Structure formats: C-alpha cells, structure tokens
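K.L.:
sequence unknown, structure follows:
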C-alpha cells in the first residue's frame, strides 16, 4: 500500500517538476525563449528527471531488498534451536514465517517463537515500507528543488536529458544479453546441483530413465535412475518423423509458390500457410491427441499393425504440419534470393522449368535450405505442447514410430508441473535436461543463422 | 533430377545416316525424349501443387475438427421448473430441496428412492447456487412461485446434443436408461431446452463441465498480456532504436545482434525454466501470478519486437534523417521526432504479432505454476490465475465427454482473439503502408 502511494507521489512530483522547470526556464529569460540554450520543455524534462530518477532507483532497490533484510533481522533474533538446522529446514522455517505473516494457514501447529517471529516480520516490513515512503518522497522533493535551482539560460538541459536517454537506450539493448546470461546461469547453476547427485556420464549415457525418488532412504530402489538416452532417442524419433513430413511438403510448397503459382494464387496461399504458423501449439497438441492419434491407430489396426494409442507417429506428423510453414517461408526467402540471371542462363540452354529448378536453383540455394532445415529441427526439438499432450510419459528406447516414446521437453514439463520441493534430484534433473536442450538448439541456431547470413551476403 | 540423369546415361542414338539437322530433331527418339521431359515437368509441377494442397488440407482438417467438436458448447441444456420459494427453506439456505421439490412435481409417478436420485442427477450441482444468487439479488421473490430455467447436468446436455448413442445398450452408452427416459419426458413437456451458454464466457474453472467457463482464463490472459506489453514494447523499441540508429559497428554490438537472433530461436520452455529458477526461486515471486507470467512472456517476445522494430526503422529512408539533421536537430531529436513516428506503423504491426504469439504460448507458463486449478476470476497481478491456452491444456486432459466439447470451444475463443489481433495488424499495415 505504502509502495503504491510512493509510486503515485513520484509520478505526481515528476509531472510537477516538468511544469516547474518549463515555466521557470521561460521566466528566467523573460519569455524570450530564443535566449535559452535549450527549449523550455527540455528544462522541464531535466527537472522531472532529477525529481524522478534518484527516488525511483531507491524505490526499486528498497522493494527488492527489504523482504530479505527483514527476514535476516527476524532470523537473527530467533533462538538457536530453530535456526541451527540445515539449509532445508531453514527454508522451511522461512516459508512458515512468511505464511504466518501473510495469514496463510500452514497446516500444522506453529511454534510460539515462530508466531512471534512472523509478527516481528510483519512489523519490520511495515516499518521498512513507511521509511521507504518517507525517504523516497523527500529524495524526490530534494531532487526537484535541486533541478529547479539549476534551471537558467545557460543550463545545457537538452544535452543532459539526451545523455540520460542515450544511457537508457543502451541499457534496454542490454536486456537481451542479460536474458541470455540469466538463462545460461540459471540452467548451469541448477544443473550443477543435479550433477553433484547424479554423475553427468550416467545422465548423458545411461539407458534407463525413471526419475521417481523414494520418500525414505531405505526403500527399495531408493534412488531413481537418470539415464537420458531414451529421452534423446524419443526426441530424435519424433523429430525425424516431423522432418519427413515438413521438409518435402514445405520445400515443394515453397518451390511451387515462388516458381509456378501466379500472383492471384500466391496472395491466397501465402496467408493460408501463415495461418498454419499462427495456430497455438496447444491447439496442435489437442488435434494430435484427439484426432490424429486415434486416426493413426485405426489405420494401423486396419493394416494389422499394433499401434500404441500415444504413438510417436501421430505426434510427429502433427508436429511436421506445424513446421511446414516455417520450412516453406524460410526456403521461399532463400529461393527468391537466387539471382534471376542463373535461371535465365538455364532457360537459354533449353532446360525446362523443373530442370532449371532441380539443377540450377536448388543447388544454388542448398546452403540456405540446409540452414532452414536446421532451424526447423531446432524448433521440433524444443516443441513442448504437442509432445506433452500426444506422446507418452514412459521412457521407451525404441526406433519404432508406432510405439509411445517420451521426449526431453515432455519430461521437463511433467517434472516441473505442480508443487515440488525445489532441491530433489527429480526436480533438478529437469534443469539438466534443459541445459542439454538449450545447448543443442543453440548450436543448431548459431550455425544455421551464420549460414543464412553468409549466403545472403553472397548473392547481395 | 533422376529423369535427366537417366537421359544422359542412355546410350547415344545409333549413328544416323547423314541426314539434315532438321530431320534429326524430328526423329522418333527425340520426340520420345521431349515427351519424357515434358511429363517430368508436369509431374514436378503437380508435386508442388500437391504439397500446397496437402498443407491446406491439413489446415482445413484441423479447423474443421475443432469447429465440429466445439460449436455445440455455445449452447447448454436448461430445465424448466416451477419453484415455490418457501421462506422457511430459504432461511435455511436449503435451495437444493426447493429445486428438487419442483422437479419431483413434474414426475408425480416417481416415488421410490432410486427414481428420485435419478431425477436429482438431472440438475446441475451448481443450480442451487444459481437460485441463491437470484434470491440475494432480489429478495422480494421469496414466497412466490416462479418459472425458472435451471441449468441441467452435463450428461443431459450431452444427450440433448446427440453425443450419447441412444441405440446402444445401457452398459455401453454410459448413461442410464432411466435418465434418458426422464430427459425424454421433460422434452415431451417442453420443459427441457437449449439456450445460449453464457457460463462458458463468465465462469472460472470447475470440475463440473456445465459450470466451467473460460472467463477466469480470459482475464488471466489479459492481465498477463498487459504486463508483457508494458515491459517488452518500451524496452524492445528502445533497444531497436539504439541498435539501428546509434550503435557503432563494433564487436560488442555484433554480439548483441547475434544474441538477439539466437534468443528468438530459443525453445519457449527454456524461458519457463528461467522464470522458475530466477523469478520464483531467486526473487521469491508468487507462483501462478500473471505478473511472473507476463515477465517471462516479455523476455520471450522481446527479440520478436526488436527484430520487427529494426526492420521498420531500416525502411525509413536516410533522406528523412539528413533533412532533420540539416535543419539543426540533434541525433536524438532526429530519431524521436522524425524517424520513429514514421516507423511506428511497422513497429505496431510487429508488436501485435508478438503479442498474438504470447497469447497462444503455453509451455513456459506451465513451469511457473499457471497450470493450477483456479475457480475464481483473478482481480490483480499477483492473484493466482491461469491463461486461455493453459486452460485448454488442462481441459484436454479431463475425461468427461463434455470437457472435450468445451476444450474445442475454448480453442475457438482463443483463435477468435488471435484472428482479431492479426486482422488488426493487417489493417494497420494496409492503412499506413508507405512506399518511399
């Protein structure tokens, strides 16, 4: 509540600062604006920045740290018998305090000391909120006064404002880098915790996957086994099926649209394919599970084959359909980039259109097409919803597309859905899988994007 | 390719008697070769058309199967009851008894326990709450007798829509003969009819199909998208402006570029892992909250928006920049006052397409707990919520027949939103498209 109030006060002071700065700048030269270094609105922005920025920085810092700070203070005041335990019991204690402080029932009779701690935590938080409000508001007022004091004909307000804006632009462009670093660090960090329990070699080359961990240490099969080969094989199987559908259809569709179809046909076909690309993956998953899988099963049954109800074939076909527009639009770009002079030369020698395409255009476009297929493979490997909904959960090491297999993404999704403790190997194994997934798709993407780039430069 | 190779491999035609060039081109062998080449051409062309046709067929199949499964969910079965709102029962909040009494009145011949239980099952278990809400809204109706259309159970609903096969024996049908007979009796007296299903749009999730709706999920989706848009659009546009207009061409900016292109191709589930580890694990943000969902989605759509904005900025001709600089604008003024407004339609189009993608995304939200069963419509950014695609995912897992229908209907609603957004993008592009 206090924080909302602070945000409102800041917004108000910023607006006031802008008005004050602008009018003071105009007044300082008696309305002859041309005598100012910067136009009045820059002076307004200058004051507004002074009023808003430092206080906003404090606001962000304060909200990010006050919960942690209050918790540390509370913990230091607790008797040793409560805080002496290991990391797990400590995090449980923290959760209890937080739940009590927020008035959530914890489901067990709380220790009186914990109740007192929760009360202390609440009061500390409210104290911190109020002091943050007071300090933030006074900082904003002080900034406003200082900025207003600086306003005058000689103040280079525009330069100052532009410098701040430039810095803001740079910071925004760094967000993408920070995201990548965040992904790599969070995956690495959690995966390393996983690899302290399970050896990386067992993980990468083991052939048995059953991530169930026993509740008690003496239980039979108390450690789950984390051999990920069946998952990799399952992912590869579904990806191969998907590629067998998507690459021929996507490539032929691209050839047809760029070389054969007239303008009138193309303006209808291209959006139709784009619709296929815009359909959410969960819809494909539903289609795969409820329409394609029974269809594949009944066709297989009619042919006398034993098809599992969650066959890799059904998931793969639907995934292939999803990737068709991806392959076709990338190949379309690549084929269009092949210079017309190559085609004309081929026609001049008397080749038919299909001969030209097969012997001149496609070889010239081959690197780009290979890159497109690599990007499509990376899409197929990383696709989650279709396989989660339509393929099985049991890790099955098989090359038969009529059987049920499970994939890396399916396992990540099922391991992490719902409430689990955050540090069991079962949960952490998902991060190990995520790391592998990220590494593989990253390699595919980097190579493919580089190929596309050099290819584009070659014909530009 | 094989056709042509075949031709080359074929033994050279026998050394023909010295004839004129003309006659060699009219030889039988030549005509045969030409026919084969033209046939190959036709086959190739046909294969191309077949590929396009196949893709289009898949689209039609996909949409067709969903529409045919889902359209009926927009209607629901209701039963007409003459309910006497006995003040004593209302005081006890015994609305269930009131409804049952009214229902038994329509079946005077049913007196045994089993028969009554069958009749009880005709009504939705949510019907008493409906009646209670009505009484709370207008207490004056207590003591009167009212004709009400009360929601029926989902089995009756499905029977009415023809999803149970009447010709099957009772055991295989999954619906007892007694219920079918009771429903038929109600139908005969025009006390059972279908009406527009408003619950589907307003209610939150429920275990009972006839009380489940996507209202909560739509609100959750909107809240999530709001956060996504508020974060990714300003940051994305600012990053694009810097990279396209100001960044010097150095290794550092090259790295940023490569990084953005790669980020756009990272599997979405990885972003979910990031959200789980960083936002939930490290910062301790609440599970299932639209705030966290929006944050994750913002990081995911950021590359899309940056790339689209850069393309739009690139399309603004340099003469605009030179003119602005020539009359004394600073570089930043040039960009903010002249280049950016001209690039805005393109940026908006890219943004809308990015948002449409975020609206349809499911996998990362599963990771951060938006897959919870939530009955209430969320009211704030930190309330537990779910989103439309996740709701579809959860319903798709439910065994009830009625949920299959509702899943398809939810997909239709989701697709409706997507068509709306993409249509808006197309209209924007058409309206503001400018060729320099």
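P.N.:
Arrived safely, thanks for sending. This is a predicted model, so every value here is computed, not measured. Residues are numbered from 1 along each chain as shown, chains lettered A, B, ... in the order given.
K.L.:
show me where the chain has its strands.
P.N.:
As the question left the chain open, I've gone with chain A. A:209-210, A:225-226 (DSSP state E).
K.L.:
my bad, chain B
P.N.:
With DSSP E as the criterion, chain B has strands at B:75-84, B:145-151, B:192-196.
K.L.:
got the residues of the stretch 301-436 of chain B near chain A?
P.N.:
Neighbours of chain A within the stretch 301-436 of chain B, by CB under 8 Å from any CB of the partner chain: B:302-303, B:306, B:330, B:332, B:356-357, B:359-363, B:366-367, B:369, B:371, B:389-390, B:392-393, B:396, B:404, B:407-408, B:411, B:414-415, B:418, B:422. C-beta coordinates here come from the backbone N, C-alpha and C atoms, glycine included.
K.L.:
ok, 7 Å please
P.N.:
B:302-303, B:306, B:330, B:332, B:356, B:360, B:362-363, B:366-367, B:371, B:389, B:392-393, B:396, B:404, B:407, B:411, B:414, B:418, B:422 (CB under 7 Å from any CB of the partner chain).
K.L.:
which PyMOL command selects the buried ones in the residues you listed?
P.N.:
Here is the PyMOL command that selects the buried residues among these (16 or more other CB atoms under 10 Å in any protein chain shown):
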select buried, chain B and resi 302+303+306+332+356+360+362+363+366+367+371+389+392+393+396+404+407+411+414+418+422
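K.L.:
so where's the chain uncertain?
P.N.:
The chain I'm using is chain A. A:1, A:84-88, A:103-109, A:212-223, A:418-423, A:457, A:459-460 (pLDDT under 70).
K.L.:
I was thinking of chain B, sorry if that wasn't clear
P.N.:
In chain B, residues with pLDDT under 70: B:1-24, B:436.
K.L.:
where is the longest helix in it?
P.N.:
The longest helix of chain B (DSSP state H) is helix B:28-70.
K.L.:
what does the stretch 1-150 of chain B have sitting close to chain A?
P.N.:
So the stretch 1-150 of chain B meets chain A at B:1, B:4, B:37, B:40-41, B:44-45, B:47-49, B:51-52, B:54-56, B:58-59, B:62, B:65 (CB under 7 Å from any CB).
K.L.:
try it again at 10 Å.
P.N.:
B:1-5, B:34, B:37-38, B:40-66, B:69 (CB under 10 Å from any CB of the partner chain).
K.L.:
list the buried residues for stretch A:56-65?
P.N.:
Residues of stretch A:56-65 classed as buried: A:56, A:58-59, A:62 (neighbour count, 16+ other CB under 10 Å).
K.L.:
ok, stretch B:156-173 next?
P.N.:
Within stretch B:156-173, the residues that qualify as buried are B:156-161, B:163-164, counting by 16+ other CB under 10 Å.
K.L.:
dump the residues you listed into JSON lines; add distance to chain A as well.
P.N.:
Formatted as JSON lines, the buried residues of stretch B:156-173 follow (distance: CB to the nearest CB, whole Å):
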{"residue": "B:156", "distance to chain A": "23"}
{"residue": "B:157", "distance to chain A": "19"}
{"residue": "B:158", "distance to chain A": "16"}
{"residue": "B:159", "distance to chain A": "21"}
{"residue": "B:160", "distance to chain A": "22"}
{"residue": "B:161", "distance to chain A": "17"}
{"residue": "B:163", "distance to chain A": "14"}
{"residue": "B:164", "distance to chain A": "18"}
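K.L.:
show me those that map onto helices.
P.N.:
Residues of these located in helices (DSSP H): B:156-160.
K.L.:
what's the closest of those residues to residue A:331?
P.N.:
Among these, residue B:158 lies closest to residue A:331 (CB to CB), at 45.5 Å.
K.L.:
check the offset of stretch B:396-413 from the chain's centre.
P.N.:
12 Å (CA atoms, centre = their mean, to the nearest Å).
K.L.:
ugh, typo on my part, it should be stretch B:58-77
P.N.:
13 Å.
K.L.:
also stretch B:107-118?
P.N.:
Here the centre of stretch B:107-118 is set off from its chain's centre by 44 Å, with CA atoms, centre = their mean.
K.L.:
which parts of that stretch are buried?
P.N.:
Result for stretch B:107-118 [16+ other CB under 10 Å]: buried residues B:107, B:110, B:118.
K.L.:
correct me, but the first one touches residue B:120?
P.N.:
No - the criterion here is CB atoms under 10 Å, and residue B:107 misses it with residue B:120 at 11.4 Å.
K.L.:
contact residues of the stretch 1-150 of chain A facing chain B?
P.N.:
Residues of the stretch 1-150 of chain A lying close to chain B (CB under 10 Å from any CB) are A:38, A:42, A:64, A:67-68, A:71, A:94-95, A:98, A:102.
K.L.:
from memory residue A:329 sits against residue A:250, does it?
P.N.:
Yes - Residue A:329 lies in contact with residue A:250 (CB under 10 Å); the separation is 8.5 Å.
K.L.:
what about those two, which has more around it?
P.N.:
Set side by side, residue A:329 and residue A:250 show more neighbours around residue A:250, with 30 against 19, by other CB atoms under 10 Å in any protein chain shown.
K.L.:
tell me which residue of chain B lies closest to chain A.
P.N.:
Per CB to the nearest CB, residue B:267 is where chain B lies closest to chain A, at 2.4 Å.
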